[in-house]
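In: this one's structure only:
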């Protein structure tokens, strides 16, 4: 049985986006994060669209599979955690974004396949919105 003390605490906004399917929160948080990456937050200032799109491409590959809830697809999403860790070790500016996305991946967890599909779609939508909003403030490709 999992130890609740060892499971990561999911921030409220991530729960609302991923687990509760609140599109208004998704849009607001994606816009805020993209704005911070566009220059308003020194920790995130120089994150490029290419860096975000690299993660997004991995998620889209899983999304394009016939069933994102099957065991192999869940494994592929879990493997994003070490990739995000690696990315933030290579570039400090990616730490806040990588941590945010890691929390999203933790929020996906459930044994119910239908719930997982919905949560995965919410995660993919959130990442897509971050990419879309980030393009305008930064102008970087």
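Out: Thanks, I have the structure now. Computed from a predicted structure; not experimentally measured.
In: only C-alpha atoms for contact and neighbour calcs from this point on.
Out: Noted.
In: Show the model's pLDDT score for the one residue sitting closest to the centre of the chain.
Out: Compute the mean C-alpha point of the chain, and by CA atoms, centre = their mean the closest residue is residue 101, 3.2 Å away. Residue 101 is assigned a pLDDT of 94 by the prediction.
In: OK, contacts around it?
Out: The contact partners of residue 101, taken as CA atoms under 8 Å, 6 or more residues apart in numbering, number zero.
In: What distance do you get for residue 16 to residue 101?
Out: 14 Å (CA to CA, to the nearest Å).
In: And residue 15, by the same measure?
Out: For residue 15 relative to residue 101 (CA to CA), the value is 12 Å.
In: Let me see the mean pLDDT of the longest helix seen in the chain.
Out: Longest helix in the chain, counting residues (DSSP state H): helix 113-138. On average, the pLDDT along helix 113-138 is 86.
In: Can you point out the buried residues in that helix?
Out: 116-131, 133-135, 137-138 (16 or more other CA atoms under 10 Å).
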